[in-house]
Structures are given as C-alpha cells and as structure tokens.
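S.K.: Prediction below, plus the sequence it came from.
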Amino acid sequence: MFPSCINDIIESFKDLPGIGEKTAERLAFSLINFDKDRLTSFSDAIIAVRDKIKYCSVCGNITDNDKCSICNDTNRNSKIIFVVEKAKDISLFEKINVFNGRYHVLGGLISPLDGIGPEDVNIDNLIKRIDSDNVEEIILALKPSIEGETTMQYIKKVLEGKNVKVTRIATGIPMGTDIEYIDAMTLEFALEGRKDI
C-alpha cells in the first residue's frame with residue numbers, strides 16, 4: 001500500500017521498543033515532511049551511531065572512544081565501583097549527580113532459565129578491576145528480580161575472601177504508592193531493608 005522505502009522505514013521503527021504499527025507509520029510519515037537538510041542530519045546521526053559507538057574498554061559504558069568520559073575523569077573516585085546491568089542505567093544515576101565513583105556495566109543478568117550464565121555477563125572484568133585498582137567497595141544497582149538477585153548473590157560469592165565491601169542500593173515502596181498495589185517481592189525487600197527513623 002505504501003512505497004517500499006516507506007514500508008522499510010516503518011518496519012525499522014517497529015524494531016524500536018514501545019513502537020507499534022501506528023506509531024511507526026506516524027514517524028515514517030513525519031520524515032517525509034523533513035526538508036532535505038534535516039533528513040540528511042537525521043540519517044547522518046543514525047550512521048554515526050552505527051560507525052562510532054562502542055563499549056568502553058574499562059567499564060562497558062557506551063562511548064565513541066576507547067575509554068568513556070567517566071573512566072577518563074581523574075577526579076572520580078576509583079576505589080568505589082557502581083555496578084549496573086545496562087549502559088543506559090549510568091545516565092540515570094549521573095543525572096542525580098550524587099555519585100562520584102566509577103561504574104561497571106554487566107551487559108545482562110544471570111538467568112539460568114534463559115541459558116545466561118556468569119560467563120555471559122561482564123563479571124570477569126569486574127573482578128580484574130577490583131584486583132588491579134584496589135577497589136574498596138562495589139555498589140550493586142541491579143533490578144529487584146530473580147535474575148538480579150541471582151547475579152548479586154553470585155558476585156557476592158565470587159568476591160568472598162577479597163578485601164572489598166559489597167553493598168546494594170536500597171529497594172522498597174515508592175513514595176506515594178498505596179501498599180495494597182505493591183507486589184510481594186517489593187514488600188519483602190522493603191521489610192528487609194527497614195531502618196530506624
């Protein structure tokens with residue numbers, strides 16, 4: 001029904017998370033209304049992502065250099081490593097501007113049911129960094145799920161005997177949420193993570 005190039009763009013947009021058929025069509029047709037310079041800039045930006053973006057050789061963050069800007073920043077505390085699942089997670093914590101250490105991206109979580117073992121996530125490099133940089137603490141910031149818990153427990157176990165403190169970010173009930181709508185796992189974490197008031 002549409003020209004093949006429009007169909008190709010619609011199919012490409014549908015590959016993006018949260019984009020269905022109608023949204024993909026709307027986005028594709030909005031490109032038709034771009035002038036040639038704007039469309040060229042749009043396509044150049046996509047090509048640059050394809051050709052320039054890679055993973056930091058130290059922490060696994062996305063970068064267009066060998067090392068990301070955080071790993072290159074000598075003012076950051078190299079003795080504390082904040083461990084996250086995905087590179088995108090780093091930006092969430094950087095936006096609140098309360099952490100001045102380094103990061104480490106696992107690139108996934110251990111999930112035996114899905115055939116993902118410890119060797120499939122970036123844990124070996126984390127251990128090497130702990131040893132070579134004399135890291136004092138790692139903070140685990142993984143999602144509160146079975147896979148997240150499995151991964152955190154595995155990391156804690158492999159670090160036993162090393163002189164490094166292993167902590168995790170607090171989890172619990174979000175502000176303003178009615179308790180009756182909270183799932184069992186979140187309630188369990190909230191109870192375990194209770195503290196004095």
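M.R.: That came in fine, so what should we check first?
S.K.: only C-alpha atoms for contact and neighbour calcs from this point on.
M.R.: Fine.
S.K.: Surely Ile116 touches Glu147?
M.R.: No. Using Cα atoms under 8 Å as the test, Ile116 is too far from Glu147 to be in contact (9.7 Å).
S.K.: so what's in contact with these two at the same time?
M.R.: When contacts are counted by Cα atoms under 8 Å, 6 or more residues apart in numbering, Ile116 and Glu147 are jointly contacted by Leu109, Ile110.
S.K.: Those two - which one has more neighbours?
M.R.: The neighbour count for Ile116 versus Glu147, taken as other Cα atoms under 10 Å, is higher for Glu147 (18 against 14).
S.K.: doesn't Arg168 make contact with Glu137?
M.R.: No. Here Glu137 lies out of contact with Arg168, judged by Cα under 8 Å, at a distance of 10.3 Å.
S.K.: ok, these two, which is more surrounded?
M.R.: Neighbour totals were compared for Glu137 and Arg168, and Glu137 leads with 17 against 13 (other Cα under 10 Å).
S.K.: Can you tell me, leaving aside adjacent residues, what's nearest to that one?
M.R.: Using Cα to Cα, 6 or more residues apart in numbering and skipping the chain neighbours, the partner closest in space to Glu137 is Lys165 (4.5 Å).
S.K.: how many other residues sit next to the one you found?
M.R.: 14.
S.K.: and it, what does it touch?
M.R.: Glu136, Glu137, Ile138.
S.K.: closest to Phe29 among the residues you listed?
M.R.: Ile138 (47.1 Å; Cα to Cα).
S.K.: partner residues bridging that closest one?
M.R.: Ile81, Val166 (DSSP bridges).
S.K.: residues contacting the spatially most central residue of the chain?
M.R.: The centroid of the chain falls nearest to Lys86 when counting by Cα atoms, centre = their mean (1.9 Å). Contacts for Lys86 were tallied using Cα under 8 Å, 6+ apart; they are Val105, Leu106, Gly107, Gly108.
S.K.: Now for the third one: which residues touch it?
M.R.: Right, the one you point to is Gly107. Gly60, Glu85, Lys86, Ala87, Val121, Asn122.
S.K.: With the last one instead?
M.R.: When contacts are counted by Cα under 8 Å, 6+ apart, Gly108 is found next to Glu85, Lys86, Asp120, Val121, Asn122.
S.K.: and the gap between Ile127 and Thr63?
M.R.: 22 Å (Cα to Cα, to the nearest Å).
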